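> Provided below for reference: sequence and predicted model.
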Amino acid sequence: MLSVNRYFPFLAVIISIAAWYDPQPLSNLKEAIVPFLTIVMFCMGLTLRWQDFRRVWNKPQPIALGVLLQFIIMPLLAWALVKIMALPDDIAIGLIIVGACAGGTSSNVMTFLARGDVALSVSMTLMSTLWGVILTPWLVAFYAAAEVQVDTTGMIISIGKIVVLPVLAGLLCNQFLPQVGRSINSKLPDIASAFILAIIGIVVSLNAEEIQTLGMTTAIAVILHNLLGLGLGYAIARWNGHTEAEARTIALEVGMQNSGLGVALALKFYGPVAALPGALFSVWHNISGSLLAAFWKWQIDRKIRKIRQ
C-alpha cells in the first residue's frame, strides 16, 4: 500500500503542477478547505495530551521567541526585499502585508509532519494571532506608510474553529477514548498527509490564474521571503539554545504566514495586484514547508534506524 506520508513532498509537487496546469477539477472544492483542515487538526489532537500543553506553558521562552521573531523577521525581510529588488508599489505593499501577518495554520500541519513540537506550534499560532490584531496594522503602517484594518473578531473566531476546537476534540478523544487513538495511530500521518495534499491542490488551483500573471522578480521575492524566514527562525532558535524539535517548530512558525489574511487585506485596501504576493506565498509555503518537513522527518527516521542497528 502506498504510504502517502513517505512520498508526501513528491506528491505535493506533482499535485501542485497538475492543479496549476488544469485548475478546474479542484477549484470547485474551495469550500472543502476548512473541513479538510479541521480533520487534519483533529488528527494532530489525537497525538497530544494535556501534559504536552502544560509542559509548553510552563516553559514559555520558545513561545515568546517564536512570536517575537514572527513580527520582527518577516516584516523586516519583506521591507528589505522591496528595497533591494526595487519592487513596484502595489507588489511592495502586498509583500509587506504578508510579512506583517501572524503565523498560519499550515505551520501546525508541517510541524506535525516534521515531528516537531505540535503543542508548541499551536500555542505560538494562537499567541501570534492575538498579537497580530495589534501588530499587523501597526507594522504595515510603519514599513509601508499605509493603513489596513484587521477583522479582529473574524480572525479569533476563525482560529478557534479551525485550530482550537478540532485540536481540543482530538485531545479529549485521546484522553477519554485512548483506544480510538491507538487503533488509528499508525495511520494518522497518512490520513493527515492525504488531506493536506488535497488542500495544496485546491489552493494552487484557486490561485492558478494569479500565478501565471506574476513576474519573475516578484516570484523570487516571495520565495526568498519564505526561505529566509525559515532559515533565520531555525538558526536563531538554535543559537538561543533551544532543542532541535523546538527550533524546527519555531522555524516553521516564523517562515509560514497567514497568507490568506494577507490576500484578503491586500484585496480589500489596495486591489488585485497587491494580492499577488500573498497568493503565491499561499502556494509556495505549502510546497517549501512540505519539502522541509519531509527532510527533517527523514533525518529523524535515519537516526532511529541507526540506534536500532
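Thanks, I have it.
> Tell me which other helices or strands the longest helix anywhere in the chain touches.
Within the chain, and with DSSP state H defining each element, the longest helix by residue count is helix 276-308. The elements that helix 276-308 packs onto, with contact taken as 3 or more C-beta pairs under 8 Å, 6 or more residues apart in numbering; DSSP states H and E, are helix 8-21, helix 89-100, helix 106-113, helix 188-206, helix 208-213, helix 216-239, helix 244-255, helix 259-269. No exception for glycine: its C-beta is placed from N, CA and C like everyone else's.
> If we go by neighbour counts, what in it is buried?
Of all the residues in helix 276-308, those buried under the rule 16 or more other C-beta atoms under 10 Å are 276-294, 296-297.
> Below-threshold pLDDT in this protein: ranges please.
Judged against pLDDT under 70, the low-scoring parts of the chain cover residues 1-3, 5-6, 146-152, 155, 159, 181, 186, 309.
> Now with 50, please.
Regions of the chain meeting the criterion pLDDT under 50 cover residues 1.
> can you give me the helices in the stretch 1-150 of the chain?
8-21, 24-27, 33-45, 50-58, 61-85, 89-100, 106-113, 118-144 (DSSP state H, counting those that start in this stretch).
> Flag every buried residue along the second one.
Counting neighbours by 16+ other C-beta under 10 Å, one finds that the buried residues in helix 24-27 are 26-27.
> Same check on stretch 185-195?
Burial within stretch 185-195, assessed by neighbour count using 16+ other C-beta under 10 Å, is assigned to 188-195.
> Now distance to residue 239 too, for the helices of the stretch 1-150 of the chain, in a markdown table please.
What follows is the helices of the stretch 1-150 of the chain, written out as a markdown table (distance: least, C-beta to C-beta, whole Å):
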| stretch | distance to residue 239 |
| --- | --- |
| helix 8-21 | 27 |
| helix 24-27 | 41 |
| helix 33-45 | 28 |
| helix 50-58 | 21 |
| helix 61-85 | 10 |
| helix 89-100 | 22 |
| helix 106-113 | 20 |
| helix 118-144 | 18 |
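> No further queries at this time; thank you.
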